[in-house]
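> Test case, fold it:
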Amino acid sequence: MNIQLIRRSALALSAAALLASCASTGGLAPRTQPKDLDTTLATEASLSQFIKSDAQFPKSDWWTALGDPHLNALISKALSSNPSLDAANARIDMALAQVSLSDENGRLQGSAVAQASGIQLPESMIPAPIGGSFKTSAIARVNLSKNFDLWGADKAKRAAALGQYHAAEVDLQSARLSLASNIAKAYVTLDQVYDLRDVALREKKRNEGLVSLGGARVKKGLDNELQVRNAQVALASAEQTIFAANQQIEVLRHAIAALMGQGPDQGLQIQRPTLRTAGKLGIPSVLPSELLGHRPDIVAARWRVEAAARGIDVSKAAFYPTINLSGMAGLAATNISDLFSTKALLLQVGPSVTLPLFAQGRLQNQLEISNAQYDLAVAQYNGTLAGALREVADALTNAKNLDAQISAVQMASSAGNKAYQIAMARYKAGLGTQLDVLNAQRPLLQLDQQLATLRAQRIQTVVDLNTALGGGVQLPGTQQ
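Sure, this is the predicted structure:
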């Protein structure tokens, strides 16, 4: 390349920069910014009462605190082989490939071409000796090109792809947490249905006693058939409840097996839960700021904000000219036999400039799209922050209120059992009627059902809080 060519190239580049200045971003910019968890989302009044000095963020196997070895085995098996996790891994692979693809933008690009062709032109168009004879040509060349990232577009593309890759990595951890949480929730519900079946079995036993006692009293002429029929109706109702509970147990077993990525036969191996009674819940004093590093959905949303920000940089770089250096070296000849002679050498090299002329509208529209994508990512991030704090507050509030409800129902159940025993003793002694017994018995069923439901909901708050605090997942680049 001689001095004259260098000068011409410099003039061309200067002219390109001058012409490119005609394309303007028009002051376009995003409308929103990510919220600060500590300064914009107030939590002190709602959460301060639940802070415990010894409270910690969940461990990676937080479900073991529920004290059921069978649940531990189910979740461990699910996390080792589940189609939903395979899908998350596939998304990671795609995102990593996109990062590798973006790395290629700034590297030297090359291709090799070998071509042979022939043509015969008619003498009616071109006279001999050119016309009427078959001519051949052969070309073998290597093309090389290099793009210079003067405005940082390629760097921004790589940063955006890397942000999406990190988000996909965290999404895998989020999928693992969701899977463990869903299995635990279904397992707690299974435990609740077993308890409700026990309630129905106790109700059945009470009514069987009434039927037997009523039949004996009818034989003695102390009661009529109406008393027996009333007890039989209550007995049939209890049996129907037992059948419904058995059906629900089987359905829940199937659901847990499906969550594990297994067939319904896996559900047949699921035993009755032996969950531990839930203790008092608390949160660490470093909440809410530390929540940012423990919740996988928050971390993934933040990475997507960063990726969208780099997308804006890519759109802004499009307003400036691109400069490319390309070259070609090869061999060309009219006859293949002459292709490798010294006279067949073919060379071409030089810079090229691409200008965004008459494209301001299109470039501004693309920048507006990038700004909107950033605003969308920010809105999703801010919404995830607010949702995370709500989930923490809900779990703690629910636990507190459920403890109070359980205490009240236990007191009512104790009083109801005493009333039932008194009514039953009076009925056996002939001092009371069966109607008195049925009236005293009726609240027992409702109270026992309420207590079973409330206890399950209370255990559920343990699952909810552990999930809301991030589930102890190991996020890429963090230590817990």
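
> so residue 452 sits right up against residue 191, yeah?
No: judged on Cβ atoms under 8 Å, residue 452 makes no contact with residue 191 at a distance of 9.1 Å. The way it works is simple: take the backbone N, C-alpha and C, and place the C-beta from them, glycine included.

> Who has more neighbours out of the two?
Neighbour totals were compared for residue 452 and residue 191, and residue 191 leads with 23 against 20 (other Cβ atoms under 10 Å).

> For that one, which non-adjacent residue is spatially closest?
Nearest non-adjacent residue to residue 191, counting by Cβ to Cβ, 6 or more residues apart in numbering: residue 273, 3.8 Å away.

> quick one, what contacts the one you found?
68, 70, 71, 187, 188, 190, 191, 194 (Cβ atoms under 8 Å, 6 or more residues apart in numbering).

> same thing but 7 Å
Taking Cβ atoms under 7 Å, 6 or more residues apart in numbering, we find residue 273 in contact with 68, 71, 187, 190, 191, 194.

> Also residue 206?
By Cβ under 7 Å, 6+ apart, the residues touching residue 206 are residue 441.

> Show the model's pLDDT score for it.
Turning to residue 206, the model gives it a pLDDT of 80.

> May I have the phi/psi pair for it?
phi -60, psi -40 (degrees, to the nearest 10).

> gap between it and residue 444?
8 Å (Cβ to Cβ, to the nearest Å).

> Overlap in contacts, the two.
With Cβ under 7 Å, 6+ apart as the test, residue 206 and residue 444 reach no residue in common.

> what does the average pLDDT come to for stretch 242-255?
On average, stretch 242-255 scores 95.

> Kindly export it (C-alpha atoms) in PDB.
The C-alpha trace of stretch 242-255 is given here as PDB (Å, rounded to 0.1, in the frame of the first residue of the first chain):
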ATOM      1  CA  ILE A 242     -62.800 -41.500  53.500                       C
ATOM      2  CA  PHE A 243     -63.300 -42.600  49.900                       C
ATOM      3  CA  ALA A 244     -62.700 -39.100  48.700                       C
ATOM      4  CA  ALA A 245     -59.500 -38.800  50.800                       C
ATOM      5  CA  ASN A 246     -58.200 -42.100  49.400                       C
ATOM      6  CA  GLN A 247     -58.800 -40.800  45.800                       C
ATOM      7  CA  GLN A 248     -57.000 -37.500  46.600                       C
ATOM      8  CA  ILE A 249     -54.100 -39.400  48.100                       C
ATOM      9  CA  GLU A 250     -53.600 -41.300  44.900                       C
ATOM     10  CA  VAL A 251     -53.900 -38.200  42.700                       C
ATOM     11  CA  LEU A 252     -51.300 -36.400  44.800                       C
ATOM     12  CA  ARG A 253     -49.000 -39.400  44.500                       C
ATOM     13  CA  HIS A 254     -49.300 -39.200  40.800                       C
ATOM     14  CA  ALA A 255     -48.700 -35.400  40.900                       C
END
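
> List the buried residues of it.
By neighbour count on 16 or more other Cβ atoms under 10 Å, the buried set for stretch 242-255 is 242, 245, 248, 249, 252, 253, 254, 255.

> who does the helix or strand residue 314 falls within touch, helix- and strand-wise?
Applying DSSP states H and E as the criterion places residue 314 in helix 296-317. Identification of packing neighbours for helix 296-317 by 3 or more Cβ pairs under 7 Å, 6 or more residues apart in numbering; DSSP states H and E yields helix 153-219, helix 360-428.

> deepest of those, which one?
helix 153-219 (a mean of 20; mean count of other Cβ atoms under 10 Å).

> What ranges does the stretch 201-350 of the chain have for its helices?
Along the stretch 201-350 of the chain, the stretches classed as helices by DSSP state H, counting those that start in this stretch are 225-259, 264-268, 296-317.

> List phi and psi for residue 469.
Dihedral angles (degrees, to the nearest 10) for residue 469: phi -90, psi 10.

> Spit out the contact partners of it.
57, 58, 294, 392.

> can you do 8 Å?
Going by Cβ under 8 Å, 6+ apart, the list of residues near residue 469 reads 57, 58, 283, 287, 291, 294, 295, 392.

> same question, residue 153
By Cβ under 8 Å, 6+ apart, the residues touching residue 153 are 313, 314, 317, 318, 322.

> And it, how far from residue 326?
18 Å.

> Residue 256 - nearest residue in space that isn't next to it in sequence?
residue 186 (5.0 Å).

> Next, the buried residues of the helix or strand encompassing residue 460.
Element membership of residue 460 [criterion: DSSP H and E] is helix 434-468. By 16+ other Cβ under 10 Å, the buried positions in helix 434-468 come out as 434, 436-438, 440-441, 443-445, 447-468.

> Repeat that for stretch 328-345.
For stretch 328-345, using 16+ other Cβ under 10 Å, the buried residues are 328, 330, 331, 332, 333, 339, 344.
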